[in-house]
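Enquirer: got a sequence here, can you model it:
(one chain, ligands or ions: 2)
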Amino acid sequence: MAVSSYGQGTTSSGTVRILKDLDRDIAGRHVIVVEDIVDSGLTLSWLLRYLASRKAASVEVVTLLRKPEAVKVPIPVKYVGFDIPNEFVVGYGLDFSERYRELPYVGVLKPEVYARR
Ligand SMILES: O=P(O)(O)OC[C@H]1O[C@H](OP(=O)(O)OP(=O)(O)O)[C@H](O)[C@@H]1O
Ligand SMILES: Nc1nc2[nH]cnc2c(=O)[nH]1
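Expert: Numbers count the residues shown, from 1 in each chain. Ligands and ions are numbered 1, 2, ... in the order given. The predicted structure is shown next:
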């Protein structure tokens, strides 16, 4: 699946949009969600409910990055690569308004960059 709630900003809109839905039936299947980052938890809280409504037998989450200080909805994450401070990060696939995804490292976006927008 592909979902989005950040769009062009650095805070979640709180509304999750499905950009690409599941293309197979997950009823009775064990599902692992592979995330790049868990921030507020709003995306995953929505997604876990969605996958449950599709009758997954079980759902586990693995994420590269997690921000413990940013959590609004606690999510059970089975595997975490790194817990990081509450700053907006880019690179290694993570974008800011479709920029910086290609950076070969994870970096902190300076507040003056998003203040300019
Ligand atoms: O825990 P949360 O606060 O919900 O944030 C985590 C979500 O944010 C990112 O997606 P994003 O909505 O940024 O996707 P996009 O860059 O395609 O808009 C990331 O891939 C997670 O799914
Ligand atoms: N690029 C990026 N996307 C996010 N989505 C939720 N948190 C973040 C973050 O820190 N950086």
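
Enquirer: how about L94, nearest residue that isn't a chain neighbour?
Expert: D36 (5.8 Å; C-beta to C-beta, 6 or more residues apart in numbering). Bear in mind the C-beta positions are built from the backbone N, C-alpha and C, glycine included.

Enquirer: how about the biggest helix by length in the chain as PDB, C-alpha atoms only?
Expert: The longest helix of the chain (DSSP state H) is helix 42-53. Presented in PDB, the C-alpha positions along helix 42-53 are these (Å, rounded to 0.1, in the frame of the first residue of the first chain):
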ATOM      1  CA  LEU A  42      -1.500   8.700  13.400                       C
ATOM      2  CA  THR A  43      -0.700   7.000  10.100                       C
ATOM      3  CA  LEU A  44      -0.200   3.600  11.600                       C
ATOM      4  CA  SER A  45      -3.200   3.900  14.000                       C
ATOM      5  CA  TRP A  46      -5.300   4.400  10.900                       C
ATOM      6  CA  LEU A  47      -3.600   1.700   8.900                       C
ATOM      7  CA  LEU A  48      -3.800  -0.900  11.600                       C
ATOM      8  CA  ARG A  49      -7.600  -0.300  11.800                       C
ATOM      9  CA  TYR A  50      -7.800  -0.500   8.000                       C
ATOM     10  CA  LEU A  51      -5.900  -3.800   7.800                       C
ATOM     11  CA  ALA A  52      -8.000  -5.300  10.700                       C
ATOM     12  CA  SER A  53     -11.100  -4.300   8.700                       C
END
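
Enquirer: picking up where we left off before, did I read that right, the residue nearest to L94 in a strand?
Expert: Yes. Assigned with DSSP: H, G, I helix; E, B strand; the rest coil, D36 falls within a strand.

Enquirer: gap between it and ligand 2?
Expert: Using C-beta to the nearest ligand atom, to the nearest Å, we find D36 at a distance of 7 Å from ligand 2.

Enquirer: was I right about that residue contacting V61?
Expert: No. With contact defined as C-beta atoms under 8 Å, D36 does not count as touching V61 (11.7 Å).

Enquirer: of the two, who's got more company?
Expert: Neighbour tally, D36 and V61, criterion other C-beta atoms under 10 Å: the higher count belongs to V61, 20 against 14.
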